[in-house]
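Asks: below is the sequence, then the predicted model.
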Amino acid sequence: MAYASFHQPGSENPGTINSNATELTTSKGMGKVYLYMGLGLVITALVALGVGAFFAGWLTNWTYDVVNIENASSNAVYTFFGVVIVSFIGLLIDAIVMGAVLARERHSIWPHYIIYSVLMGAALSVIIAAGASFTVIGEAFGISALAFIVMGLIGYFSKKDLNILAMVAYAALMMLMLIGLVFAILYFVMPMAYVIWAVSTSAVVSLLMLLVVAVDTYNIKKIIARSQASENVYLYCAYTMYSDFIVIFLRVLYVLMVLKGNDK
């Protein structure tokens with residue numbers, strides 16, 4: 001019996017070979033997804049830093065003091081808000097186009113993914129331009145990354161179908177959005193109540209999005225394991241995970257900024 005587990009040439013079980021090959025393919029595929037996701041985040045961070053630093057200087061007449069819209073140049077203010085608004089509109093359009101290109105499978109979605117990452121960076125430059133503390137931004141990124149990795153591992157190694165969790169998460173997110181409309185109206189009457197609601201909601205949304213991360217990871221693993229993944233599919237999966245991370249990061253950042261008073 002001591003030789004039962006000893007490897008002998010030609011004694012491999014075909015099922016075991018196929019299983020090992022599938023696991024290897026899945027691991028490589030997931031590696032591609034996270035590599036592309038990381039590339040998107042790097043592009044977004046660099047663009048946000050560059051655009052944010054430029055407008056932070058322009059809005060403060062290159063003194064880099066705390067931004068005061070009332071004292072800033074009107075040209076700088078209009079240009080800045082124009083860039084942010086156009087970036088958000090561009091994000092919506094590019095996301096739709098990316099999905100259409102993926103469905104047709106005639107062209108690569110690489111250009112659209114890069115454009116999306118750049119536009120997201122331009123949109124998020126408002127965080128830098130507003131003078132957000134790099135310490136707080138770093139903490140928010142670290143917390144988001146750690147939680148993201150943990151939930152990603154749960155989704156990857158889960159043997160049970162996790163899609164029910166996504167249904168619960170999305171239903172809860174819709175409820176929070178509807179309730180949020182009521183609190184948005186209360187902002188004009190009770191600003192503090194709205195702030196408390198916004199902070200607590202951001203924390204809850206972060207937790208719900210982490211459930212979505214686990215579900216998305218689970219589904220991506222299944223797609224790759226069934227050999228249904230092309231380069232475009234890997235990119236779109238990366239875009240999905242990238243978007244999940246951005247939502248979590250922004251919510252965590254908001255909570256930290258409120259709790260710490262955005263101390264520099």
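Replies: Thanks, I have the structure now.
Asks: distance of the residue nearest to residue 121 when sequence neighbours are not counted from residue 27?
Replies: The shortest distance from residue 121 to any non-neighbouring residue, by CB to CB, 6 or more residues apart in numbering, is to residue 47 (2.7 Å). Placement of C-beta: from N, CA and C, glycine included. Counting by CB to CB, to the nearest Å, the gap between residue 47 and residue 27 amounts to 31 Å.
Asks: what of residue 42?
Replies: Applying CB to CB, the value for residue 42 to residue 27 is 22 Å.
Asks: again with residue 252
Replies: Separation of residue 252 from residue 27 (CB to CB) stands at 29 Å.
Asks: give me the more crowded residue out of those two.
Replies: Set side by side, residue 252 and residue 27 give different neighbour counts by other CB atoms under 10 Å, the larger being at residue 252 (24 against 13).
Asks: correct me, but the more buried one touches residue 206?
Replies: Yes. Here residue 252 lies in contact with residue 206, judged by CB atoms under 8 Å, at a distance of 5.7 Å.
Asks: show me the common contact partners of those two, please.
Replies: Contact with both residue 252 and residue 206 is made by residues residue 144, according to CB atoms under 8 Å, 6 or more residues apart in numbering.
Asks: what sits against residue 205?
Replies: Under the criterion of CB under 8 Å, 6+ apart, the contact partners of residue 205 comprise 173, 176, 247, 251.
Asks: quick one: list the elements packing against whichever helix or strand the third one is part of.
Replies: Element membership for residue 247 (DSSP states H and E) is helix 231-260. If contacts are counted by 3 or more CB pairs under 8 Å, 6 or more residues apart in numbering; DSSP states H and E, helix 231-260 sits against helix 14-59, helix 74-104, helix 110-129, helix 134-157, helix 191-225.
Asks: let me see the mean pLDDT of it.
Replies: Per-region confidence: helix 231-260 scores 92 on mean pLDDT.
Asks: and if you look at stretch 99-116?
Replies: Averaging pLDDT along stretch 99-116 yields 92.
Asks: contact partners of that stretch?
Replies: Outside stretch 99-116, the residues that touch it by CB under 8 Å, 6+ apart are 36, 40, 43, 90-91, 94-95, 97-98, 230-233, 235-236, 238-239.
Asks: 7 Å - rerun?
Replies: Outside of stretch 99-116, the residues that reach it under the criterion CB atoms under 7 Å, 6 or more residues apart in numbering are 40, 43, 91, 94-95, 97-98, 230-232, 235-236, 239.
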